[in-house]
Every structure is written in C-alpha cells, then in structure tokens.
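Trainee: Sharing a sequence plus its predicted fold:
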Amino acid sequence: MSLQTLLPSAKMCQGSQVSDSDSDISPAEVTTIPTHLFRVHTPDSAGFTSTAAVVSPALLHWCQTKIASKEPANVPLPDRLCDLLHEEAARRLVRHLRRGCLGEEESCNLMSWPSSLLFVLQYAVYLHAEGFSRPELSEIYLLVLDTTKLPLRVRGDFMHDIDLIKKYQPFSGDLRSFSQLRMVNNCGY
C-alpha cells in the first residue's frame, strides 16, 4: 500500500469522524473563513504537500505507520485538537504557534494557512535569506487555496488562530499572552 493510495482513505476516515457535534468550539465562536488562504512550502516544511493534498505531520506519521504495520486496522488516527483535554490542546496550540512541529511531528496535527499574501511573501523571503536551511527561491512554493471551492464539510477544518487562542487561553498563560498580542495586532488569519 502506497502513501498515495492511503491518503484518500485517511481523508475519508478523518472526515467520517468529524461532525458539528464533535467539536467543543461552537459555530458562533468561529469567524468567517477568508476566500483565499496561502501556504509557503519548502523541502523542510513539516508534513506532506503536493498540488493535490496538504497533510499534517501527525497524519503523515499515521499513514506511514499504517503502511508499515502488520495490523493496519489497529493504528489509531491522530488526535484532533478538539478531542484532547483542554490543557493538552492548549499546550499543542502554543507549541504550534511558537515553533511549528519541531521535534513533535507525531502529534502535530495543525497546519498554518495565513490569509495575508503579503505575510506569506515576507515569510518566503525570510526563509530564503535567514531560515534554518535557506532554501533556494526555486525550492520555495506558494500554495493558494480558494476556500469557496471546498466542500462545506472540509471548510470546518479551517479555524482562525485567534478563535483557538480564545477558546484555550483559560488553560495556558502562554495563550493569554498570545491573545493580548493578537488583540493589539489583529492582522490576518
């Protein structure tokens, strides 16, 4: 079984798990998703990215484990943020906001999709000039996602960072600090 054949089944499995009643974040707490979202991808980006799919490191790890397992049916899907205890969800959110998935890829199930084209262009230039591996410009890709073309069931997978920060800030002093910073500089998705 290859990763390409497993990814559609992983998406279906995750999709079948997700419903409005599963989330502890109500629709009233979620702001509108922007029409366009952007993502910068380099060879060092976490997870898996192609023109057909963007897969979190945790789901990629799940796919690889399932492929390698002698009993693939016993490999549990990665935890969704809303399925975790609030304290653990807050810890993972802080980790993602601070440094992405560095060192904890198996549990990193968040992927950033800013709504500001200027922000992602600045980030791409930063990665090229100052980033860890300083990729060549030809190795830096900009993905543009038109959210109006997504099925409704998938749109619920996208949430503003500030909505998550507000939800989990009572469980983390670090998130309270992020919340203050974002409320002062409320800029983008």
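Mentor: Nice, thanks for sending it over. Numbering: from 1, shown residues only.

Trainee: Quick check: Thr42 touching Leu142?
Mentor: No - between Thr42 and Leu142 no contact is recorded; they are 10.6 Å apart, counting by CB atoms under 8 Å. Quick note: C-beta positions are derived from backbone N, CA and C, even for glycine.

Trainee: So if I had to pick from these two, which one is more boxed in?
Mentor: Thr42 (18 against 13; other CB atoms under 10 Å).

Trainee: The helix or strand encompassing Leu142 pairs with which strands, parallel or anti?
Mentor: With elements taken from DSSP states H and E, the one containing Leu142 is strand 141-146. Sheet pairing for strand 141-146, assigned by DSSP bridges, gives strand 36-41 (antiparallel).

Trainee: Check which residues of the partner strand are buried.
Mentor: 37-41 (16 or more other CB atoms under 10 Å).

Trainee: For Ala129, state which of those residues is nearest.
Mentor: Val40 (13.4 Å; CB to CB).

Trainee: Pretty sure Phe132 sits in a strand.
Mentor: No - counting by DSSP: H, G, I helix; E, B strand; the rest coil, Phe132 falls outside a strand, being coil.

Trainee: and it, how many neighbours?
Mentor: Phe132: 9 neighbours (other CB under 10 Å).

Trainee: Helix or strand for the most centrally placed residue in the chain, just tell me which one.
Mentor: When CA atoms, centre = their mean is applied to the chain, the residue found nearest the centroid is Met111 (1.8 Å). Using DSSP H and E, Met111 sits within no helix or strand.

Trainee: Hmm, it is touching Ala58, no?
Mentor: No - Met111 lies out of contact with Ala58 (CB under 8 Å); the separation is 9.9 Å.

Trainee: so where do the helices sit in this protein?
Mentor: Secondary structure of the chain (DSSP state H): helices located at 3-17, 57-68, 86-99, 117-130, 152-155, 161-168, 173-184.

Trainee: what does the last one contact?
Mentor: The contact list for helix 173-184, computed with CB atoms under 8 Å, 6 or more residues apart in numbering, reads 90, 93-94, 97-98, 161-162, 165-166, 168-169.

Trainee: Go through those residues and give me the one with the most neighbours.
Mentor: Tyr168 (26 neighbours).

Trainee: for that one, what are its contacts?
Mentor: 86, 89-90, 93, 175 are the contacts of Tyr168 under CB under 8 Å, 6+ apart.

Trainee: could you dump the residues you listed to a markdown table with distance to Arg80 and pLDDT?
Mentor: Formatted as a markdown table, the entries for the contacts of Tyr168 read as follows, by distance: CB to CB, whole Å; pLDDT from 0 to 100:
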| residue | distance to Arg80 | pLDDT |
| --- | --- | --- |
| His86 | 13 | 92 |
| Ala89 | 9 | 90 |
| Ala90 | 14 | 91 |
| Leu93 | 12 | 89 |
| Leu175 | 18 | 87 |
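
Trainee: Looking at these, which is nearest His128?
Mentor: For those, the nearest to His128 is Leu93 (27.8 Å; CB to CB).
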